[in-house]
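A.B. asks: pasting a predicted model and its sequence here:
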Amino acid sequence: MHFKHPEILYFLFLLIVPILVHLFQLRRFKTSYFTNVRFLKELAVQTRKSSKIKKRLLLATRLLLLTCAIIAFAQPFFEAKDSKNASNEMYIVLDNSFSMQAKGKKGELLKRAVQELLENTPENAQFSLLTNTENFWNTDIKSAKSSLQNLNYSATPFELSAIMAKIKAHKSAHKKDIVIITDAVGLAEKEVKNIDSEEKPYFIISEAEQKNNISIDSVFINQTLENFYEIGINLSAYGEDFKPVSTALYNQNKLIAKTIINFDSNKKKKINFTIPKEAFHGYVIIEDNGLSYDNKLFFSISKAKKTNVISIGEPEKSSFLSRIYTPAEFNYNNYSISSLDYNSLEKQNTIILNELTDVPQALQTTLKAFVSKGGNLVVIPSEKSSASNLNTFLGNFGKIQFNNLKPESKLITKINFDHPLFSDVFENKITNFQYPKTNSSFDISSPYPAVLSYEDQSPFVTMIQNPVAGITVFSAPINSINSNFQQSPLIVPLFYKMGQNNQKTGVNALTIGNNQPYFVDVLLSKDAILEVKGTDDSFIPIQQILNNKVKLTFNDFPETAGNYSVFDKKESVENLSFNYKRSESDLSQVNTNVVSDFKTADTISTIFNTLQTERTDSQIWKWFVIFALLFLALEMAIIKFVK
């Protein structure tokens, strides 16, 4: 037992006062004479006996009364078993990612979690509230009520490590109690393992009852016809036993096409729509009973523009390129190094260095500036090229290193189907095809993924992919004498994609939060600013003027998925579409085992009650007040009823 004011216990010395009064009581009995002396003598003896008992009872009750009163003023208590953490600060982490749209027993998981916080958080409790995107430091439930009620779902996935880093960085003189409310979708084990052992949090896992969900993953141009686009739409189903799903395509708000999809054992579906070959600014939408955020995918198709491509090299070695870069889609030209107009380079989208023996210093400087402004570069070495010259030139862009040329025949046997240059090119992964070969090639060392590889796993084609452009490098000449690659079916899709890399020739469907730069073909004055406008909001992205282009960086804008337009003052120069990242569509990614080493609870009220019980001292001074009153009542009863 402990006392808040132990110094008051010194007043227990006052207990000697009633004892002294009892021992030295000055009251004397008076003698009375009566005729029947024998009777009075017997009566006097009985009175003295009862008087002694009464006085002793009164002394005991008064001592106990005074003792209880003194102890009550000293405020005794039993210390709580977790009293050392009674001053801890409370941090509540609330997952408001899109997976929290799923429905539990009492409605949507996020809305239910908010309601429980509003109903069960003590009004006098101070805490900090952190969501995926917002922080409310040192607040209380009354102050946070409005923010909680207006809390929206966030396009930012739930990243526990990032939120825990914020909490750790919030300096405090006290320890921290952390409550994490999440559905645990995508919660990685490494994120949980990195939690500080001194700040083990409480987890409230919100569980969804309905885990079936269908997501629209991507939209792309499947085929380009003379007057039409055939667009493909990829959908994924997560769960079991799906009902037929309605899928509709809209341009602006006009219905273009509609169909019904049935999911069987195959959880991946691809459907095709045919639309006129013109600018498109709309969306595709499905109706399912799962999450709603991934039921709509916005996309735009710009008016077809020709891509500017030039090759620099001997005309006889570049003739195959004119058959790939046809006038219908490309403005293609070939120049020898002696007839090259350097001023025309900045107007190109893609430049191909086709078997140049040497890259002049002036051309190196120009190409470095060209790539920095979003231009694509393709480097095909010559048998006469110097490895040192190539390394000096490529050192401007990345870490590819050429070694000596080896006169050794090698087969090209491996295709990297996941590389961006081959995305949406092959419907199936091809493992058996007629392998092209080279008679001689350079050994190159590259930290970048190979696009095509030899049978010995060395790269034939590799690519330096920087944020604004692509630099594709071959390890061997591909002229008809050194290689039969020009007769291979691979040459057309490879050079076609290299020519169009980073160009807006297909579907525009950007992902919110992806910081990939976007280039708008517009000529601006130095003081001009481009603005992105949607139906309900607008923002000004980070922008950089690059000759006849403007480089835009969006960071985490916009906050809402939809169709937007880029404006130069009041004139619309290009359409954009933004979508949420499809990272939380699979509700089966719940991994509750990763939190098995931590304390868990069903509701926030359980946690508050537990902390209250474990950290609140047992105050017992009230019992001593009650005992003091009882002894006072007992004293009065003794005085009144004991003779």
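C.D. replies: Great, that's in hand.
A.B. asks: tell me how far the ends of stretch 138-158 are from each other?
C.D. replies: 22 Å (CA to CA, to the nearest Å).
A.B. asks: meant to ask about stretch 76-87, not that
C.D. replies: 20 Å.
A.B. asks: cool, and stretch 463-483?
C.D. replies: First-to-last residue span, stretch 463-483, CA to CA: 20 Å.
A.B. asks: where does pLDDT dip in this structure?
C.D. replies: 25-50, 77-86, 197-199, 423-433, 501-505, 614-618, 643 (pLDDT under 70).
A.B. asks: can you give the domain ranges for it?
C.D. replies: 2-79+619-641, 83-210, 213-301, 307-500, 509-579 (automatic domain parsing).
A.B. asks: would you turn those domains into TSV with mean neighbour count?
C.D. replies: Every residue, glycine included, has its C-beta placed from N, CA and C. Below are those laid out as TSV (neighbours: other CB atoms under 10 Å):
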stretch	mean neighbour count
domain 2-79+619-641	13
domain 83-210	17
domain 213-301	16
domain 307-500	17
domain 509-579	16
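A.B. asks: nearest to Phe608 among these would be which one?
C.D. replies: With respect to Phe608, and counting by CB to CB, the nearest of the domains of the chain is domain 83-210 at 6.3 Å.
A.B. asks: ok, Ala102 to Glu240 distance?
C.D. replies: Taking CB to CB, to the nearest Å as the measure, Ala102 falls 16 Å from Glu240.
A.B. asks: and stretch 59-75, how far out from the chain middle?
C.D. replies: 62 Å (CA atoms, centre = their mean, to the nearest Å).
A.B. asks: same deal with stretch 208-217?
C.D. replies: The mean C-alpha position of stretch 208-217 is separated from the chain mean by 19 Å, CA atoms, centre = their mean.
A.B. asks: that stretch spans what distance, first to last residue?
C.D. replies: 22 Å.
A.B. asks: please apply the same query to stretch 344-362.
C.D. replies: 14 Å.
A.B. asks: for stretch 274-293, same thing?
C.D. replies: Note: stretch 274-293 ends 25 Å apart using CA to CA.
A.B. asks: who touches the helix or strand encompassing Glu574?
C.D. replies: According to DSSP states H and E, Glu574 maps onto strand 571-579. When contacts are defined by CB atoms under 8 Å, 6 or more residues apart in numbering, strand 571-579 is touched by residues 279, 281, 283, 297-300, 302, 504, 508-512, 518, 520-522, 530, 532, 554, 558, 560-567.
A.B. asks: go with 6 Å
C.D. replies: 281, 297-300, 508-512, 520, 522, 558, 561, 563-566 (CB atoms under 6 Å, 6 or more residues apart in numbering).
A.B. asks: same question, stretch 102-118
C.D. replies: Contacts for stretch 102-118 (CB under 6 Å, 6+ apart): 96, 100-101, 148, 181, 183, 206, 208-210, 587, 603-604.
A.B. asks: same thing but at 8 Å, please
C.D. replies: 92, 94-96, 100-101, 141, 145, 148-149, 151, 153, 181, 183, 204, 206-211, 213, 290-291, 587, 603-605.
A.B. asks: from Asp602, how far out is Asn609?
C.D. replies: 12 Å.
A.B. asks: same question for Phe298.
C.D. replies: Taking CB to CB, one finds Phe298 at 39 Å from Asp602.
A.B. asks: quick one: Val520 and Val573, what's the gap?
C.D. replies: 6 Å.
A.B. asks: joint contacts of the two?
C.D. replies: Leu530, Val566.
A.B. asks: nearest residue to Asp536 other than its sequence neighbours?
C.D. replies: Of all residues not flanking Asp536 in the chain, Thr560 sits nearest, at 6.9 Å (CB to CB, 6 or more residues apart in numbering).
A.B. asks: helix or strand for that neighbour, which one?
C.D. replies: Thr560 belongs to no helix or strand, assigned by DSSP H and E.
A.B. asks: please look at Thr462 and Ile400 and confirm they touch.
C.D. replies: Yes: contact criterion CB atoms under 8 Å: Thr462 and Ile400 qualify, at 6.7 Å.
A.B. asks: need the residues touching each of those two.
C.D. replies: Ile444, Ser446, Tyr448, Val473.
A.B. asks: next SSE after whichever helix or strand Lys414 is part of?
C.D. replies: Counting by DSSP H and E, the element that carries Lys414 is strand 410-415. Downstream of strand 410-415, the next assigned helix or strand under DSSP H and E is strand 437-438.
A.B. asks: beyond that next one, next helix or strand please.
C.D. replies: Following strand 437-438 toward the C-terminus (DSSP H and E): strand 441-445.
A.B. asks: by contact count, what packs against that next one?
C.D. replies: Judged by 3 or more CB pairs under 8 Å, 6 or more residues apart in numbering; DSSP states H and E, the packing partners of strand 441-445 are strand 401-406, strand 459-465.
A.B. asks: same list (the ones you listed) but as a markdown table, adding distance to Val21.
C.D. replies: Listed next are these as a markdown table, based on distance: least, CB to CB, whole Å:
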| stretch | distance to Val21 |
| --- | --- |
| strand 401-406 | 106 |
| strand 459-465 | 99 |
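A.B. asks: quick one: closest of those to Ser161.
C.D. replies: Using CB to CB, the helices and strands packed on strand 441-445 put strand 459-465 closest to Ser161, at 26.7 Å.
A.B. asks: got the CA positions of stretch 595-611 in PDB?
C.D. replies: The C-alpha trace of stretch 595-611 is given here as PDB (Å, rounded to 0.1, in the frame of the first residue of the first chain):
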ATOM      1  CA  VAL A 595       0.700  -9.400 -36.000                       C
ATOM      2  CA  SER A 596       0.600 -12.600 -33.900                       C
ATOM      3  CA  ASP A 597       3.400 -11.300 -31.700                       C
ATOM      4  CA  PHE A 598       1.500  -8.200 -30.800                       C
ATOM      5  CA  LYS A 599      -1.500  -7.400 -28.700                       C
ATOM      6  CA  THR A 600      -4.800  -7.400 -30.600                       C
ATOM      7  CA  ALA A 601      -8.300  -6.300 -29.800                       C
ATOM      8  CA  ASP A 602     -11.700  -6.300 -31.400                       C
ATOM      9  CA  THR A 603     -12.700  -2.700 -30.600                       C
ATOM     10  CA  ILE A 604     -11.100   0.600 -29.500                       C
ATOM     11  CA  SER A 605     -13.200   0.600 -26.300                       C
ATOM     12  CA  THR A 606     -11.500  -2.700 -25.300                       C
ATOM     13  CA  ILE A 607      -8.100  -1.100 -25.500                       C
ATOM     14  CA  PHE A 608      -9.100   2.100 -23.600                       C
ATOM     15  CA  ASN A 609     -10.700  -0.100 -20.900                       C
ATOM     16  CA  THR A 610      -7.600  -2.300 -20.700                       C
ATOM     17  CA  LEU A 611      -5.300   0.600 -20.400                       C
END
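A.B. asks: from the chain's centroid, how far away is that stretch?
C.D. replies: Using CA atoms, centre = their mean, the offset of stretch 595-611 from its chain centre is 24 Å.
A.B. asks: give me the element Asn391 is part of.
C.D. replies: With DSSP H and E as the test, Asn391 turns up in helix 387-394.
A.B. asks: whoops, I mixed them up, Thr133
C.D. replies: With DSSP H and E as the test, Thr133 turns up in no helix or strand.
A.B. asks: hmm, it is touching Phe158, no?
C.D. replies: No: at 10.5 Å, Thr133 does not count as touching Phe158 under the criterion of CB under 8 Å.
A.B. asks: for Lys570, see how far away the closest residue to Val520 other than its chain neighbours is.
C.D. replies: Distance criterion CB to CB, 6+ apart; nearest residue to Val520, sequence neighbours excluded, is Val550 at 4.8 Å. According to CB to CB, Val550 and Lys570 sit 17 Å apart.
A.B. asks: which SS state does Leu634 fall under?
C.D. replies: Per DSSP: H, G, I helix; E, B strand; the rest coil, the local secondary structure of Leu634 is helix.
A.B. asks: on the three-state scheme, the nearest residue to it once chain neighbours are set aside is what?
C.D. replies: Computed as CB to CB, 6+ apart, the closest residue to Leu634 that is not its neighbour in sequence is Thr61, at 5.1 Å. Counting by three-state DSSP, the backbone at Thr61 sits in helix.
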